[in-house]
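Chemist: pasted the sequence and its predicted model underneath.
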Amino acid sequence: MMCRSGQQPDQPDSCDHQHSGGEATATAAFAALLEDSAEELYESAPCGYLSTLMDGTVAKINATLLDWLGLAREAVVGRMRFSDLLTVGGRLYHETHFAPLLQMQGSINGIALDLRHADGDRIPVLASSVVKYGSMGKPLLIRTTLFDARDRRAYEEELLRRRAVAEEARRQAEADRARLQDALAVLQRSLLPDTLPVVPGLDTAAYYHTASPDELGGDFYDIFPVDGKRFAFFLGDVCGKGPQAAALTSLTRYTLRAAALHEPDPRSTLTTLNKVLHERYAAGGDPRYCTAIFGILEIDETTDQVFVQLASGGHPPVLILRADGTAEYLPTPGGLLIGVLPEARFTAATTTLSPGDTLLLYTDGLTEARTGTDRSSLYGEDALLDFGTRHAGAPAHDLVQALTALLDGFGDGLDDDTALLALGVPARPAARPTTRSRP
Amino acid sequence: MDIARRNNVTVTGNPHGRTVVLAHGFGCDQNMWRSTVPALAPEYRVVLFDYVGSGRSELSAFSPDRYASLQGYAQDVMEVCDALDLRDAVFVGHSVSAMIGVLAADMAPERIGALVMVAPSPRYIDDDGYRGGFSAQDIEELLGSLESNYLGWSAAMAPVIMGNPERPELGAELENSFCATDPDIARVFARTTFLSDSRDDLKTVRVPTLVLESAQDAIAPREVGAFVHAAIPGSTLVTLDAIGHCPHLSAPEATNQALLEFLAALR
């Protein structure tokens, strides 16, 4: 059915005789839209529209775009190039990206550019261009549409700004974390001896594995002289991790050193530690404890033998590697955790180390390392005994080096801090250098 | 290090001909030379590459420190020349690459025997008695344009754009991929390009040099072409009947003709 615009709705033979007056008016208005000329569609389109020669000279431009630019048609057509309509930065971008891409691809889509209004204001737009080719494939002209992108650009700038803020926050957090790790590393080192002292007639070696750079571990060890001929040593593990564990480690370490000087006997030294920890923590309703082995070494210069007395408070037994190629644990069963009860009993043991023998102290990070492809089984004391047997006779330093390689081999199965201390009598009476390594 | 892979080096053309190295400028990659290669290929061995950070180079090799100066880009050229053991090659550099070529020719005279400078500019920013065409503020505006245009680049798509040997068809489907660059890298290259001042380096040129300029170039205006020509004694200046900063794309026939004439005269 054809309806011509301009027809009167009240004419009885008009084509809209079936409709009421109001509907007829709407239909006529709709029809008027359909009669909109192509010219009108082009000139008043809700986007900027222009055609340029291949050199960019504007050949045709619509009224919408002229209005955006604040320019008269005569000033633009045949006189300006597309890039002249852009800001200088936009022109650089046009020359380095837009034009080459258009030449290579024949079209380009949705590029953000800034137009420059006659009064200097910038108008953000999204530009798309296609090259129109002649029948012989020769490029004839470039058609470009420009969409007002003010709101969208503001939104994008907000996104970029937020991304920059997030990026800065991430950088700051990483810097803070690095600083914290540095501080923790310094604190951790302060809880361990800088170097092991030279003990005449004995090789010593130690190693400390830090499971996490973010957390202070709770393992500790030390060796120090108590009088002219005896040395004391200890190795242990406090409960928990972090700053509280570090404070407990510090108290434990200095209490052991002071107690040993006062009365160099393993059981009474651990008893003193138990009293101090219990008074400091458990009595105040905050039970904290540790496990430790404390011992005294006495070196017989005539036989090169070393007499060892030690006591354990809930700590895994020491391993002794003999010069003859055997290894054995020195059992210290029944010793209580240190600091839990007001009165505690500790288990003592003695042994004698001959040339070629080595005493190994360790924390349970080693024996409780998870092994196997699915990390479901623990390394265990049996495996450590086998390992010790294979390395029996090795000097203390070599033993610790082999154990370090073993720990490295556990990979992510080693998730706890681990301390190692090896005390060995040289196979021949020659002084070996004191060594100690750290990750 | 595999330089050929790092710089996405392509060697084509006549294997027995003199080697011509085509170096792209700021913005896109070696695809810019698509209309040049067919003209050179019958007679010359053509070497194409992407600077680290552009095109299908290995982005992991990018270092903001190294590429903060044109020397860093010249080092790329040297390493490509070393990897192919080029002798007496002709270096054709577009835009900022023209100046990179000047630095490279000075670093290794035995490798580069002639220079073609396409739309060169030794300094983009105006200075006392020198007109480069831009103010420092204009350059900041360009950096803003880079920020608002990712040109098909996104972190998620980067591995595809940067080359996936198992599925080469992936890259081709991406619109604008010829000029796709990590925006952070593009910003470094833009700063290095547009804030550089290489006017003194022009004096070091000792090899036959062709300066090719467009009749109308918004980035390297005619005064700049004349400046470069005057600063390199014995150089040839050819003004192409071309519009825009990329005459090798907008007027490939005229560009190729000037290039081939210069190359023929070198023999």
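Modeler: Structure's in. What do you need?
Chemist: please make it C-alpha for all contacts and neighbour counts, starting now.
Modeler: OK.
Chemist: ok, now how distant is the residue lying closest to A:Tyr362 once chain neighbours are set aside from A:Leu337?
Modeler: Once flanking residues are discounted, A:Tyr362 sits nearest to A:Leu420: 4.6 Å by C-alpha to C-alpha, 6 or more residues apart in numbering or on different chains. Separation of A:Leu420 from A:Leu337 (C-alpha to C-alpha, to the nearest Å) stands at 20 Å.
Chemist: list the buried ones in stretch B:242-262?
Modeler: By neighbour count with 16 or more other C-alpha atoms under 10 Å in any protein chain shown, stretch B:242-262 contains the buried residues B:242-252, B:255-256, B:258-259, B:262.
Chemist: A:Leu141: which of those residues is nearest?
Modeler: Lowest distance from A:Leu141 to these (C-alpha to C-alpha) belongs to B:Ser250, with 12.5 Å.
Chemist: tell me the strands beside the helix or strand harbouring B:Thr12, with direction?
Modeler: Assigned by DSSP states H and E, B:Thr12 belongs to strand B:10-13. Paired neighbours of strand B:10-13 in the sheet (DSSP bridges): strand B:45-49 (antiparallel).
Chemist: which other helices and strands contact the helix or strand following the strand it pairs with?
Modeler: As assigned by DSSP H and E, the chain's next helix or strand after strand B:45-49 is helix B:70-84. When contacts are defined as 3 or more C-alpha pairs under 8 Å, 6 or more residues apart in numbering or on different chains; DSSP states H and E, helix B:70-84 sits against helix B:3-6, helix B:96-107.
Chemist: looking at these, which is buried most?
Modeler: Burial of the helices and strands packed on helix B:70-84 is given as mean neighbour count (mean count of other C-alpha atoms under 10 Å in any protein chain shown); helix B:96-107 ranks first at a mean of 25.
Chemist: hmm, who's touching it?
Modeler: B:23-26, B:70-71, B:73-75, B:77-78, B:91-93, B:111-113, B:115-122, B:193, B:198, B:201-202, B:204-205 (C-alpha atoms under 8 Å, 6 or more residues apart in numbering or on different chains).
Chemist: kindly recompute the last result at 6 Å.
Modeler: Helix B:96-107 is contacted by residues B:25, B:74, B:112, B:117, B:120 when judged by C-alpha atoms under 6 Å, 6 or more residues apart in numbering or on different chains.
Chemist: quick one: mean pLDDT over whichever strand or helix holds A:Ser268.
Modeler: Remark: A:Ser268 resides in helix A:266-280, with elements defined by DSSP H and E. Averaged across helix A:266-280, pLDDT comes to 95.
Chemist: could you dump that helix to PDB, C-alpha only?
Modeler: What follows is helix A:266-280 as a C-alpha-only set of coordinates in PDB (Å, rounded to 0.1, in the frame of the first residue of the first chain):
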ATOM      1  CA  PRO A 266      72.700 -31.100  80.100                       C
ATOM      2  CA  ARG A 267      69.700 -32.200  82.300                       C
ATOM      3  CA  SER A 268      70.000 -29.200  84.600                       C
ATOM      4  CA  THR A 269      70.400 -26.800  81.800                       C
ATOM      5  CA  LEU A 270      67.200 -28.100  80.100                       C
ATOM      6  CA  THR A 271      65.500 -27.900  83.500                       C
ATOM      7  CA  THR A 272      66.400 -24.300  83.800                       C
ATOM      8  CA  LEU A 273      65.100 -23.600  80.300                       C
ATOM      9  CA  ASN A 274      61.900 -25.400  81.200                       C
ATOM     10  CA  LYS A 275      61.400 -23.200  84.200                       C
ATOM     11  CA  VAL A 276      62.100 -20.000  82.300                       C
ATOM     12  CA  LEU A 277      59.700 -20.800  79.400                       C
ATOM     13  CA  HIS A 278      57.000 -22.000  81.600                       C
ATOM     14  CA  GLU A 279      57.100 -18.900  83.800                       C
ATOM     15  CA  ARG A 280      57.200 -16.700  80.700                       C
END
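Chemist: give the buried residues for the helix or strand just after it.
Modeler: The helix or strand immediately downstream of helix A:266-280 is strand A:290-300, counting by DSSP H and E. Applying a neighbour-count criterion of 16+ other C-alpha under 10 Å, one finds A:290-297, A:299 buried in strand A:290-300.
Chemist: and if you look at stretch B:60-67?
Modeler: For stretch B:60-67, a neighbour-count test (16+ other C-alpha under 10 Å) marks B:62, B:67 as buried.
Chemist: okay, how far is it across that stretch, tip to tip?
Modeler: By C-alpha to C-alpha, the extent of stretch B:60-67 from end to end equals 13 Å.
Chemist: ok, now stretch A:362-371?
Modeler: End-to-end distance of stretch A:362-371: 18 Å, with C-alpha to C-alpha as the criterion.
Chemist: redo the contacts of helix B:96-107 as TSV? Include distance to A:Leu270 and secondary structure.
Modeler: Converted to TSV, the contacts of helix B:96-107 look like this (distance: C-alpha to C-alpha, whole Å; DSSP: H, G, I helix; E, B strand; the rest coil):
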residue	distance to A:Leu270	secondary structure
B:Gly25	76	coil
B:Ala74	70	helix
B:Ile112	80	strand
B:Met117	84	strand
B:Pro120	82	coil
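Chemist: out of those, which is nearest to chain A?
Modeler: Checking the contacts of helix B:96-107 against chain A by C-alpha to the nearest C-alpha gives B:Gly25 as the nearest, at 8.4 Å.
Chemist: isn't that closest one up against B:Tyr73?
Modeler: No: look at B:Gly25 against B:Tyr73 with C-alpha atoms under 6 Å: they stay out of range, at 10.7 Å.
Chemist: so which of those two has more stuff around it?
Modeler: Using other C-alpha atoms under 10 Å in any protein chain shown, the more surrounded residue of B:Gly25 and B:Tyr73 is B:Gly25, with 27 against 23.
Chemist: how many neighbours does the residue nearest to A:Tyr362 have?
Modeler: A:Leu420 has 23 nearby residues by other C-alpha under 10 Å.
Chemist: how far is the helix or strand where A:Ile142 lies from where the chain is centred?
Modeler: A:Ile142 belongs to strand A:139-148 when assigned by DSSP H and E. Chain-centre distance of strand A:139-148: 48 Å, with C-alpha atoms, centre = their mean, to the nearest Å.
Chemist: give the pairing partners of that strand; include direction for each.
Modeler: Using DSSP bridges, strand A:139-148 pairs in its sheet with strand A:48-53 (antiparallel), strand A:122-133 (antiparallel).
Chemist: pick the most deeply packed of those strands.
Modeler: Compared across the strands paired with strand A:139-148, strand A:48-53 shows the largest average neighbour count, a mean of 22 (mean count of other C-alpha under 10 Å).
Chemist: is any part of the helix or strand just after it close to chain B?
Modeler: The helix or strand immediately downstream of strand A:48-53 is strand A:58-61, counting by DSSP H and E. No: Strand A:58-61 is not in contact with chain B by C-alpha under 6 Å from any C-alpha of the partner chain; minimum separation 13.8 Å.
Chemist: hey, C-alpha coordinates of the helix or strand just after strand A:58-61 in CSV?
Modeler: Sequence order places helix A:63-69 as the next helix or strand after strand A:58-61, per DSSP H and E. C-alpha atoms of helix A:63-69 as CSV (Å, rounded to 0.1, in the frame of the first residue of the first chain):
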residue,chain,number,x,y,z
ALA,A,63,27.5,19.1,7.7
THR,A,64,27.7,17.2,11.0
LEU,A,65,31.5,17.1,10.8
LEU,A,66,31.8,20.7,9.6
ASP,A,67,29.7,21.6,12.7
TRP,A,68,31.9,19.7,15.0
LEU,A,69,35.0,21.4,13.5
